[in-house]
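A.B. asks: show me the folded form of this:
(chains A and B)
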Amino acid sequence: MITSLRRWHRRLMTAIAIGLPLLAAAALLQRPDRPVASPSSDPLFVAAGYHQASPPDLQPLIHQTKRVDATTIDLELSRHPGGQLWLKITPERELPVSDPLIVWTPANPQPKDLSNATVIGSLSGLGSRGWWLPAAMQGGGILLVSNNKTHTLIRIPHPPSRPARART
Amino acid sequence: MSHQYVAVQWTRRKVIYDAILIGLMALYLLAFMQTSHWIADLRGIELETDGVAIRAYGSAAYILLHLTLAIGPLSRLHPWFHTLLFNRRHMGVMVFLLGAIHVSGWTLPSQPWIWLGMRTPKLPWAFYGSVAWYNNFGDLKPLVSLFTVNRHFGSLALFPFELLGVIGLIVLFVMAAISHDFWLANLTAPVWKAIHMSVYVGYAALVGHVLLGALQTNRNPWLAVLVLSGALALLTLHLLSGWREWHPDRADLAQPGQSWVDVGALQDIADGAAKVVMLSGERVAVFRRGSSVFALSNVCQHQNGPLGEGRIVNNCAVCPWHGYEYELDTGASPPPFHESVPTFPVQLREGRILISPVPMAAVQR
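C.D. replies: Below is the predicted model of the structure:
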């Protein structure tokens, strides 16, 4: 009656005892590296700002570091001769917060309400990220948002205004 | 043991067992969350409290599942562990409840309260479960997202570990739902036990869930060592106890056509205890009471426990698992109970025990 159940139990446990350690070893050995080793051509990574090499002919505007949650973040804001802004962010290590997002907000200083903010990209994972900022993003600030906490990373200067024509 | 239907037979021993179980689980959850807070404070980082609660409940369910599955082989290896066995089902139900909270969180649904014109009351220690939290409150319904977002079925490392968790939770739910004696009595013990063997499939799915989920992002080597040690320890216990059971099953004493089988000397059995022998494919418990010998089926009718590992109390063989009693001469439970096990004809010749391998019909009361 239960002899067959015992036999099935032995077979099942033997199969699991062989299969599980193999699965465990394979799963641990095949753990994917974070996307830091080499630039990826995957359009998803490019769209997220990963591994974009800084374009040439940039005119540095701001280069500073910020410390957020015990992590140093290197920030570079440059202007292309065409007028576009290039933002490059390099955290020294993975930020210990959930879903860190980089957003631009026209208000300055740091607003409590992020309803007018625009998401630029994600800062999760390791490595440098670089984005062309849309032309509308003039002034305001770049914020790091995670878990309802915001940190101002950088303030974007307004574009140099043309000198006013002298009244005649 | 009961002769009438009782939803849950609470005894003092069961209440103490459950109180200790709930107390230990509560302590573990509090310790996990408090330690996470301390570590976050020490490192000066922001704590993701929902994530911590999800991990606390998930790890509690995972650890308790290991302990629950270890009790069976441990009690096969040593009778000390019988005391943990009698209420093992409550541990299994708690594993399911902890797993369900890991998935669903600790929040009340909003809809009924909106109908009543009330705001949803907030429970103490409320948190979002893994389905809502890791779905990140996106545009998709959490369950739709759970089943459709990760489609890396061709990759081992990126395989949708969420589905393995779902399989494990479904198995745990079935186990918990039919854990009651009502189902045990209606399905019969062999069918009930066969269904409960699917817990090992659920266990394998949950180990895969942890290996391909938590261990993919958390690279702390000690966590991997802990997970692997737990799985290896449990598998070793099961294989050891299975190996011990395998030998008696192969040593069948009855030859074809043999009417009486010599199963050993009377003096080899301790007074008040039994020796288990294999006769014609089934185990027989040979009990000794003074100079008398009785042979009963080794399979208790309640949960198919090993009757021969029990003792004689009040002229009854008592199952070591849940205390079911059978009279030595008839195999029937004493009135008003109705269970019975087959008995075997026994002779005692010059200190040797002879048993007929053909059982007598079980006495029905």
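A.B. asks: chain center to whichever helix in chain A runs longest, what's the gap?
C.D. replies: Taking DSSP state H as the assignment, the helix of chain A that covers the most residues is helix A:3-29. Computed by CA atoms, centre = their mean, to the nearest Å, the separation of helix A:3-29 from the middle of its chain amounts to 41 Å.
A.B. asks: and stretch B:78-98, anywhere near chain A?
C.D. replies: No. Stretch B:78-98 lies out of reach of chain A by CB under 8 Å from any CB of the partner chain, never closer than 15.6 Å. (C-beta placed from N, C-alpha, C; glycine too.)
A.B. asks: thinking again about what came up before, return the set of buried residues in the longest helix of chain A.
C.D. replies: By neighbour count on 16 or more other CB atoms under 10 Å in any protein chain shown, the buried set for helix A:3-29 is A:5-6, A:9-10, A:12-13, A:16-17, A:20, A:23-24, A:27-28.
A.B. asks: any regions of chain A where pLDDT drops low?
C.D. replies: Scanning chain A for pLDDT under 70 picks out the ranges A:1, A:32-53, A:108-112, A:148, A:158-168.
A.B. asks: which residue is nearest the centroid of it?
C.D. replies: residue A:123 (1.8 Å; CA atoms, centre = their mean).
A.B. asks: ramachandran angles for it?
C.D. replies: Per-residue torsions, residue A:123: phi -110, psi 20 (degrees, to the nearest 10).
A.B. asks: mind listing what it touches?
C.D. replies: A:89, A:91, A:95, A:100, A:101, A:102, A:129, A:144 (CB atoms under 8 Å, 6 or more residues apart in numbering or on different chains).
A.B. asks: just residue B:204 next, same as before
C.D. replies: Each residue near residue B:204 by CB under 8 Å, 6+ apart is listed here: A:16, A:19, A:20.
A.B. asks: ok, the last one touching residue B:207?
C.D. replies: The reference is to residue A:20. Yes. Look at residue A:20 against residue B:207 with CB atoms under 8 Å: they come within range, at 5.8 Å.
A.B. asks: pull up the overlap in contacts between these two.
C.D. replies: Joint contacts of residue A:20 and residue B:207 (CB under 8 Å, 6+ apart) are residue B:231.
A.B. asks: distance of residue B:338 relative to chain A?
C.D. replies: Residue B:338 sits 19 Å away from chain A, going by CB to the nearest CB, to the nearest Å.
A.B. asks: quick check, that residue in a strand?
C.D. replies: No. Read with DSSP: H, G, I helix; E, B strand; the rest coil, residue B:338 is coil and lies in no strand.
A.B. asks: any chance you could map the helices in chain A?
C.D. replies: Under DSSP H, chain A gives helices at A:3-29, A:43-47.
A.B. asks: packing partners of the longest one?
C.D. replies: I take that to be helix A:3-29. On a contact count with 3 or more CB pairs under 8 Å, 6 or more residues apart in numbering or on different chains; DSSP states H and E, helix A:3-29 meets helix B:189-196, helix B:199-212, helix B:214-217, helix B:221-250.
A.B. asks: now that helix against helix B:221-250, angle please.
C.D. replies: If you take axes from the mean of the first three to the mean of the last three CA atoms, to 10 degrees, helix A:3-29 sits at 160 degrees to helix B:221-250.
A.B. asks: now helix A:3-29 against helix B:189-196, angle please.
C.D. replies: Using the same axes, to 10 degrees: helix A:3-29 against helix B:189-196 is 10 degrees.
A.B. asks: which of the helices and strands packed on helix A:3-29 sits most buried?
C.D. replies: The highest average neighbour count among the helices and strands packed on helix A:3-29, using mean count of other CB atoms under 10 Å in any protein chain shown, belongs to helix B:199-212 at a mean of 23.
A.B. asks: look up phi and psi at the residue lying closest to residue A:135 once chain neighbours are set aside.
C.D. replies: Nearest residue to residue A:135, sequence neighbours excluded (CB to CB, 6 or more residues apart in numbering or on different chains): residue A:84, at 6.8 Å. Here is the backbone geometry of residue A:84 (degrees, to the nearest 10): phi -70, psi 150.
A.B. asks: just to revisit the earlier point, worst average pLDDT in the helices and strands packed on helix A:3-29?
C.D. replies: For the helices and strands packed on helix A:3-29, mean pLDDT drops lowest on helix B:214-217, to a mean of 80.
A.B. asks: by contact count, what packs against it?
C.D. replies: Using 3+ CB pairs under 8 Å, 6+ apart, helix B:214-217 sits against helix A:3-29, helix B:221-250.
A.B. asks: flag every buried residue along stretch B:87-95.
C.D. replies: B:87, B:88, B:89, B:90, B:91, B:92, B:93, B:94, B:95.
A.B. asks: so what's the second one closest to, chain neighbours aside?
C.D. replies: It refers to residue B:88. By the measure of CB to CB, 6+ apart, the closest residue to residue B:88 outside its immediate chain neighbours is residue B:71, 5.2 Å from it.
A.B. asks: SS state for that neighbour?
C.D. replies: The assignment at residue B:71 comes out as helix when based on three-state DSSP.
A.B. asks: hang on, isn't it packed against residue B:82?
C.D. replies: No. Residue B:71 lies out of contact with residue B:82 (CB under 8 Å); the separation is 9.2 Å.
A.B. asks: now do the contacts for residue B:77.
C.D. replies: B:237, B:240, B:241, B:244.
A.B. asks: so where's the stretch 251-365 of chain B uncertain?
C.D. replies: Within the stretch 251-365 of chain B, the segments meeting pLDDT under 70 span B:364-365.
A.B. asks: do that again at 80, thanks
C.D. replies: For the stretch 251-365 of chain B, applying pLDDT under 80 flags the ranges B:251-252, B:254, B:256-257, B:361-365.
A.B. asks: now do the strands in it.
C.D. replies: With DSSP state E, counting those that start in this stretch as the criterion, the stretch 251-365 of chain B has strands at B:261-265, B:274-279, B:282-289, B:292-297, B:311-313, B:316-318, B:325-327, B:343-344, B:346-349, B:352-355.
A.B. asks: picking up where we left off before, rebuild the helices of chain A as JSON lines, extending it with distance to residue B:21.
C.D. replies: Listed next are the helices of chain A as JSON lines, based on distance: least, CB to CB, whole Å:
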{"stretch": "helix A:3-29", "distance to residue B:21": "25"}
{"stretch": "helix A:43-47", "distance to residue B:21": "47"}
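A.B. asks: right, and those - which one's nearest residue B:152?
C.D. replies: The minimum distance between residue B:152 and those falls on helix A:3-29, with 12.9 Å, by CB to CB.
A.B. asks: who does residue A:88 bridge with?
C.D. replies: residue A:76, residue A:130 (DSSP bridges).
A.B. asks: returning to what we had before: quick check: the farthest pair among the contacts of residue B:77?
C.D. replies: Among the contacts of residue B:77, B:237 and B:244 lie farthest apart (CB to CB), at 10.9 Å.
A.B. asks: next one, pLDDT for residue B:123 please.
C.D. replies: For residue B:123, the predicted pLDDT is 63.
A.B. asks: so whichever residue of the stretch 1-150 of chain B sits closest to chain A, which of the three states?
C.D. replies: Of all residues in the stretch 1-150 of chain B, residue B:45 sits closest to chain A, at 4.2 Å by CB to the nearest CB. Here residue B:45 is coil, with the state taken from three-state DSSP.
A.B. asks: correct me, but residue A:105 touches residue A:117?
C.D. replies: Yes. Under the criterion of CB under 8 Å, residue A:105 makes contact with residue A:117 at 4.3 Å.
A.B. asks: neighbour-wise, which of the two wins?
C.D. replies: Shown here are residue A:105 and residue A:117; by other CB atoms under 10 Å in any protein chain shown, residue A:105 has more neighbours (23 against 19).
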